[in-house]
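J.: Fold the stuff below for me.
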Amino acid sequence: MASKIKVAAVSYLNTKPLLYGIERSDVFNEIDLILDYPAQLAKSLQEGSIDMALMPVAAMPGIPGARIVSDYGIATEGNVVSVAIFSQVPIEQVKTVYLDYQSRTSVQLARLMLKHYWKVDVELKPASENFIDYINGVNAGVIIGDRALKQLSNFEYVYDLSAAWKAHTGLDFIFAAWIANKELPADFRERFNAANKVGLNHLDEIIAANPFPYYDLHTYYTENIKFHLDENKMKGLGRFLEMLG
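T.: Numbers count the residues shown, from 1 in each chain. Sure, this is the predicted structure:
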């Protein structure tokens, strides 16, 4: 019997629609699914301990043989809501920004937007697990994922990073994509791609199974997150990777 393909993803709310179809399709029998936080997935793929991951696109340049292997991922055409700089003062008064340790793409996007869009000179600090407690006064922080959605009403200022990207470049943005470090069988890729799409037709079911009082998930899944990586999303990715140098 062929060995299973090791596939990893995060278990945030934003991945639920993609994982829904994968977990219910025949392709699920051919994979070992591992859940972890985004930055760790990139490390595992780089080390070769997994074959494919729904992972931050900013990590692609550091992974030998990295390639996008699906038409689905986590993208946006403007406000994503769940990736933002949170602050109690306007961005021009901020002196320090704590960077969420869970993601590389969001951190790199924050660096670029602080420099090129807001044009502020701030100290960037890697954040510890309880860094949200330190966001006060002139200290701001990048918060991502479900934690960001929970914090929306707790801060005076919320600067949506993909909205800033759109305003600065006019382009869409991809946060995460299914990335492999090797060539995968074409028939597997085709079936895996089809499995990703299934959950997008079952959003009501997914929302019902994941009660979340902090933010309307129907809005999140239909307006904020865009799961299909079309040509405009790929253009945005090209520009992002170019800016990272």
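J.: Just the pLDDT at residue 181, thanks.
T.: According to the prediction, residue 181 has pLDDT 93.
J.: Quick check: end-to-end length of stretch 31-44?
T.: 16 Å (Cα to Cα, to the nearest Å).
J.: can you list contacts of it?
T.: 4-11, 19, 22-23, 50, 53-56, 59, 62-63, 101-105, 176 (Cβ atoms under 8 Å, 6 or more residues apart in numbering). Bear in mind the C-beta positions are built from the backbone N, C-alpha and C, glycine included.
J.: list the buried ones in that stretch?
T.: Within stretch 31-44, the residues that qualify as buried are 31, 36, 38, 39, 40, 41, 42, 43, 44, counting by 16 or more other Cβ atoms under 10 Å.
J.: In those residues, find the pair that's most separated.
T.: 31 and 39 (21.6 Å; Cβ to Cβ).
J.: Count residues in the vicinity of residue 129, would you?
T.: Using other Cβ atoms under 10 Å, residue 129 is surrounded by 8 other residues.
J.: Give me the local confidence score for it.
T.: pLDDT recorded at residue 129 is 84.
J.: sec struct for the residue lying closest to it once chain neighbours are set aside, please.
T.: Computed as Cβ to Cβ, 6 or more residues apart in numbering, the closest residue to residue 129 that is not its neighbour in sequence is residue 101, at 7.5 Å. The three-state assignment at residue 101 reads coil, by DSSP: H, G, I helix; E, B strand; the rest coil.
J.: From residue 141, how far out is residue 101?
T.: 11 Å (Cβ to Cβ, to the nearest Å).
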